[in-house]
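Participant: here's a sequence, model it:
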Amino acid sequence: MTRLIVKRLLVSLVVLWLVTLLVYVATLLLPGDPARAILGQQATPERIAALQHQLHLDEPVWQRYLTWLGGLFTGDLGTSTSTQGPVTALLADRVSASLVLLVLAAVIATPLGLALGTWSAMRRGRATDQAVSGISLVIAALPEFVIGVALIVLFATTVFKALPSVTLSPPGEPVWRQPGQLVLPVATLVLVVTPYITRMMRATMNEVLDSGYVEMARLKGIRERTVLVRHALPHAVGPVAQVVALQLAWLAGGVVVVEFLFRYPGIGQALIDAVGKRDVAVVQAVTLLIAAVYIVVNLLADVIGILADPRVRTEALR
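Facilitator: So this is what the prediction gives:
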């Protein structure tokens with residue numbers, strides 16, 4: 001088991017290194033010149049050349065990549081061209097704000113999706129099962145910005161007017177100081193993620209409940225609750241963990257749209273602002289952070305799937 005987990009970890013590190021290459025190359029392909037974007041179109045060639053030297057833009061690409069990669073190991077994400085300050089200082093508050101949003105959405109969506117999927121599977125073929133399946137299918141088909149706009153119209157601007165439609169916190173104030181402004185962004189993320197977890201949990205539970213070992217447990221007279229908790233759920237958690245991981249990893253990237261919609265001061269809004277200002281260092285840092293979250297969450301899902309499902313664990317150890 002230790003060798004298997006170490007192997008997955010090494011693969012994840014290689015993937016993360018490849019991501020650094022892709023992120024760096026992608027930012028090089030962004031249109032425009034960062035120095036000219038900072039100084040404006042009226043800047044003289046001498047001033048542009050001086051700023052390019054200051055930002056090390058006149059160095060070879062491979063040298064700039066190695067310098068940037070070395071800085072990642074020491075926590076130095078570079079210097080923002082728009083603020084002339086460290087990227088870590090610029091993103092510190094934004095990362096914590098996005099983390100609050102993601103943790104709240106994950107804590108609500110994961111148990112809610114698992115519970116709804118299990119409940120629907122236990123009532124297979126009934127009206128409640130069909131209702132849960134239909135509603136989850138409709139919500140899953142909607143983009144996150146459509147769900148967000150619908151919630152704004154329903155609860156902020158037109159119908160009830162009970163919640164703020166955008167973030168009201170002044171710069172520097174923690175977002176959790178005004179909990180009301182978190183409701184709609186968190187609800188949007190929960191509604192986007194929960195249907196996928198629900199549908200996967202329902203399908204997996206239906207398959208497990210029809211298996212031979214569950215039928216044998218029932219024939220032995222074991223209570224249905226015990227059959228569900230001790231025999232069905234452990235075998236269903238493994239496959240569902242992969243879907244949960246994909247959805248939670250999606251939160252790291254999907255939060256960009258939600259934060260822009262609600263003007264939420266997180267990494268998503270920082271990424272959009274950085275692209276508009278041609279702030280390459282911030283774009284690289286945010287993109288790499290999102291990719292790292294995606295890789296780490298999937299690694300944890302692999303480990304959980306191996307530990308939870310005896311079938312996967314036995315197959316992996318062969």
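
Participant: ok, Ile290 - how many residues close by?
Facilitator: Ile290 has 23 neighbours, counted by other C-beta atoms under 10 Å. (C-beta placed from N, C-alpha, C; glycine too.)

Participant: for it, which residues are in contact?
Facilitator: 252-253, 267 (C-beta atoms under 8 Å, 6 or more residues apart in numbering).

Participant: can you give the distance of the helix or strand hosting it from its chain's centre?
Facilitator: Take DSSP states H and E as the rule and Ile290 turns out to sit in helix 280-308. In terms of C-alpha atoms, centre = their mean, to the nearest Å, the centre of helix 280-308 is found 8 Å from the chain centre.

Participant: next one: stretch 136-151
Facilitator: The answer for stretch 136-151 is 17 Å, by C-alpha atoms, centre = their mean.

Participant: now the end-to-end length of that stretch.
Facilitator: The first residue of stretch 136-151 is 17 Å away from its last residue (C-alpha to C-alpha, to the nearest Å).

Participant: show residues contacting it.
Facilitator: So stretch 136-151 is contacted by 116, 184-185, 187-189, 191-192, 194-196, 198-199, 254, 257-258, 261-262 (C-beta under 8 Å, 6+ apart).

Participant: buried residues of it, list them for me.
Facilitator: Under the neighbour-count criterion of 16 or more other C-beta atoms under 10 Å, stretch 136-151 has 136, 144, 147-148, 151 buried.

Participant: relative to Val208, which of these is nearest.
Facilitator: Val208 has its nearest neighbour among the buried residues of stretch 136-151 in Ser136, at 19.1 Å by C-beta to C-beta.

Participant: let me know the pLDDT of the closest one.
Facilitator: Note for Ser136: predicted pLDDT of 90.

Participant: equivalent analysis for Val283, please.
Facilitator: At Val283, pLDDT is 84.

Participant: if you drop the residues flanking it in sequence, what lies closest to it?
Facilitator: Ala274 (4.8 Å; C-beta to C-beta, 6 or more residues apart in numbering).

Participant: how many other residues sit next to the one you found?
Facilitator: 26.

Participant: buried set for stretch 203-215?
Facilitator: Applying a neighbour-count criterion of 16+ other C-beta under 10 Å, the buried positions in stretch 203-215 are 203-206, 208-209, 214.

Participant: got TSV for the residues you listed, with pLDDT and distance to Gln130 too?
Facilitator: Formatted as TSV, these follow (pLDDT from 0 to 100; distance: C-beta to C-beta, whole Å):
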residue	pLDDT	distance to Gln130
Ala203	86	14
Thr204	85	18
Met205	84	16
Asn206	82	13
Val208	80	20
Leu209	77	17
Val214	73	23
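
Participant: which elements pack onto the strand or helix carrying Glu259?
Facilitator: If you go by DSSP H and E, Glu259 is part of helix 233-262. Applying 3 or more C-beta pairs under 8 Å, 6 or more residues apart in numbering; DSSP states H and E, we find helix 233-262 packed against helix 87-122, helix 144-152, helix 180-209, helix 267-277, helix 280-308, helix 310-316.

Participant: out of those, nearest to Ala131?
Facilitator: Of these, nearest to Ala131 by C-beta to C-beta is helix 87-122, at 8.7 Å.
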